[in-house]
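**Student:** Predicted model, plus sequence, below.
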Amino acid sequence: MAYILTNSSLIVCPHGGIVTHIPMTQSEYRVDGELPMLVNDIYTIAGCPFAVPFKMSLMPCPCFEVRWMMPSNKLFVKGNPVLTNFSSGFCHGGGGFPQGSAILTSFQMRVQEPEMVTHVE
């Protein structure tokens, strides 16, 4: 079973930048008292020191966002799947190119996704 990620989960880019979760769906649903992270939410990155130029420009391209894949196929909040510790996040820089996988450094380990498909409002 997979653990549900919440806004208290600590996620970093491969270069050490901190990921911030910005919820886009309003719901009263909570996981262990915290907002669940949903695939359609916004995930920004601050403090990425990565400054190697990408091919299309001479500008540095620190990571600035995470795009998620493989959300839960069992738990949906207002139609949006939640993220779990098995979800894959890819960090993207200025050119929109992936620059490595997001690293999940801590997350709640009390609430797992349900065994049956569940839709909550």
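**Tutor:** Sure, I can see it. Since the model is a prediction, treat every value here as computed from it, not as a measurement.
**Student:** mind listing what residue 9 touches?
**Tutor:** For residue 9, the contacting residues are 21, 37, 104, 106-108, taking C-beta atoms under 8 Å, 6 or more residues apart in numbering as the criterion. Glycine gets a C-beta too; all of them are placed from N, C-alpha and C.
**Student:** and if we set it to 7 Å?
**Tutor:** Applying C-beta atoms under 7 Å, 6 or more residues apart in numbering, one finds that residue 9 lies in contact with 37, 104, 106-107.
**Student:** Could I get the buried residue list for the lowest-mean-pLDDT helix or strand in the chain?
**Tutor:** Of all the helices and strands that make up the chain, strand 98-101 has the lowest average by mean pLDDT, DSSP states H and E, namely a mean of 90. Buried positions in strand 98-101, judged by neighbour count with 16 or more other C-beta atoms under 10 Å: residue 99.
**Student:** following it, which helix or strand comes up?
**Tutor:** Once the chain leaves strand 98-101, the next helix or strand it forms, by DSSP states H and E, is strand 103-106.
**Student:** which residues of the chain fall in strands?
**Tutor:** According to DSSP state E, the chain carries its strands in the segments 10-12, 18-22, 42-46, 65-69, 75-77, 80-81, 88-92, 98-101, 103-106, 118-120.
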